[in-house]
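**Student:** Below is the structure, and that's it, no one-letter string:
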Ligand code: HEM
């Protein structure tokens, strides 16, 4: 039935005719600018970017009302012609339109990452955390590469039963290349065709159609990165040599899939790495940066580990419930500089009215997660790392309002919320606990012997990373060092 549009659009900064707010869009750290705009315009800001309406949500109440309570109509993704259609990322869950394929994809991934699978996943994560130790001992300066290895090796073990020895592994390299590409493609305005979708219909020989050659090349790279590891496991299953994994399980359960099922399985197996690697690595890098900047916090977390662990034992998942300070510290890792400061855009599938304002069908809606996590009314002293904020709440009534669990925000919202949250949290926990049990992390020393102050700066598009920084990673004791020298990898 025809429903008339109602209500004015929410307020926002005044734009120019036709191009709207395009030129005012912040190029860097947009979340800070959006948070400032929210002070003038309220929790829902309306922007018009190259003719498309964009709404920025800056408060937990509005996010919960729209992206969660009304998630039946707020769970689509915008169409991004270059990344999605021309290169083919729209087949992968993160850019899936709302519908059956998304539902099937999420079901497959959530099934593999459910609490029922936790014991098997945790066993993998514990082994990989152990294997991280000699790497950090022998080449501490390369700690960033080791963190990348850790995440890649957990993910590939889970998805393909595949053992990653180093980041030079060709399967890791091709997946990493796609991650970089995906990040670059999603930067607004990366390709003109995203703003003017009709350009995709121009012939290949036409001047300015170079993007088509790029699309063709990257499309092939994407298919290769998806199929090579999948076909490897399929052959292992046929030969009876496969180790248990997500892909082996799919192939064994359905040896004769339809073309649609086959395509779905392949894309879901790939999206673990696409969605899970850069994100988890960023959180681990922030953990290291926090350890440098807050030695007191590090000492408290180590004291707790010393108290909970038997002498000479490494942490296990069974110790987690007694590691309350460490768990609170990891909440600060998520909050202090969130991995995804502005959530991936959701798209509205129907005209919708909220508090008298119209949110038209087809609009993109983004949540300013960073603004919530740095709102001093919610998190006093938001720029400081204070694990205690989650531990000593004044009163139960107040505790719900102040310092809410940041995981309710950092993993996204409603029916698009991150399906990899458990894997992400478990990897972060066991890595942080194992590292702190064995190593001290401190500021690197300059040539004059004085500690070098790291610059706290985050950059990136959708997924943010701290800029490179050095640190000094030393075994906590002679026994710890001897133990790590004897770990076989
Ligand atoms: C610290 C680590 C991680 C963070 C902070 C994170 C955060 C997010 C966020 C904010 C979203 C967007 C949600 C939305 O649109 O509302 C998302 C989506 C997604 N994440 Fe994660 N993630 C992490 C790790 C992982 C891992 C380990 C995996 C898989 C193994 C994963 C797989 C995905 C997928 C497939 C999506 C797309 C879901 C959809 O569009 O329906 N993520 N994640």
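**Tutor:** Cool, the structure landed. The shown structure was predicted, so the numbers you read here are calculated from the model rather than taken from an experiment.
**Student:** contacts, neighbours, all on C-alpha from now
**Tutor:** OK.
**Student:** So residue 403 is in contact with residue 390, correct?
**Tutor:** Yes: counting by Cα atoms under 8 Å, residue 403 touches residue 390, with 6.5 Å between them.
**Student:** Closest residue of the stretch 151-300 of the chain to the ligand?
**Tutor:** Using Cα to the nearest ligand atom, the single residue of the stretch 151-300 of the chain nearest to the ligand is residue 276, 3.2 Å away.
**Student:** quick one: is the helix or strand where residue 132 lies near the ligand?
**Tutor:** Following DSSP states H and E, one finds residue 132 within helix 118-138. No: Helix 118-138 lies out of reach of the ligand by Cα under 6 Å from any ligand atom, never closer than 11.4 Å.
**Student:** Now stretch 339-359: buried residues?
**Tutor:** Residues 339-349, 351-352, 358-359 are the ones in stretch 339-359 that count as buried (16 or more other Cα atoms under 10 Å).
**Student:** quick one on the thing from earlier: which secondary structure element contains the residue of the stretch 151-300 of the chain closest to the ligand?
**Tutor:** helix 259-293.
**Student:** coming back round to it: quick one: which of the buried residues of stretch 339-359 sit in strands?
**Tutor:** 346, 347, 352, 358, 359 (DSSP state E).
**Student:** Is the third one bridged to anything, and to what?
**Tutor:** Same thing as residue 352. residue 359 (DSSP bridges).
**Student:** Pull up the gap between it and residue 360, please.
**Tutor:** Between residue 352 and residue 360 the distance is 6 Å, computed by Cα to Cα, to the nearest Å.
**Student:** Same question for residue 215.
**Tutor:** 31 Å.
**Student:** quick one: the strands in this protein?
**Tutor:** Under DSSP E, the chain gives strands at 44-49, 52-57, 346-347, 352-354, 357-359, 364-367, 439-443, 458-459, 465-466, 471-475.
**Student:** how about those strands in a markdown table, adding distance to the ligand and mean pLDDT?
**Tutor:** Shown next, in a markdown table, are the strands of the chain (distance: least, Cα to the nearest ligand atom, whole Å; pLDDT from 0 to 100):
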| stretch | distance to the ligand | mean pLDDT |
| --- | --- | --- |
| strand 44-49 | 17 | 91 |
| strand 52-57 | 12 | 91 |
| strand 346-347 | 6 | 94 |
| strand 352-354 | 19 | 94 |
| strand 357-359 | 18 | 95 |
| strand 364-367 | 8 | 94 |
| strand 439-443 | 21 | 98 |
| strand 458-459 | 15 | 88 |
| strand 465-466 | 11 | 94 |
| strand 471-475 | 22 | 97 |
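**Student:** Packed most tightly, which of the ones you listed would that be?
**Tutor:** When you average the neighbours per residue for each of the strands of the chain (mean count of other Cα atoms under 10 Å), strand 346-347 leads with a mean of 26.
**Student:** from the middle of its chain, how far away would that one be?
**Tutor:** 18 Å (Cα atoms, centre = their mean, to the nearest Å).
**Student:** other SSEs contacting it?
**Tutor:** strand 364-367 (3 or more Cα pairs under 8 Å, 6 or more residues apart in numbering; DSSP states H and E).
**Student:** Against which helices or strands is the strand it packs on packed?
**Tutor:** strand 52-57, strand 346-347.
**Student:** and if we set it to 10 Å?
**Tutor:** With contacts taken as 3 or more Cα pairs under 10 Å, 6 or more residues apart in numbering; DSSP states H and E, strand 364-367 sits against strand 44-49, strand 52-57, helix 60-63, strand 346-347.
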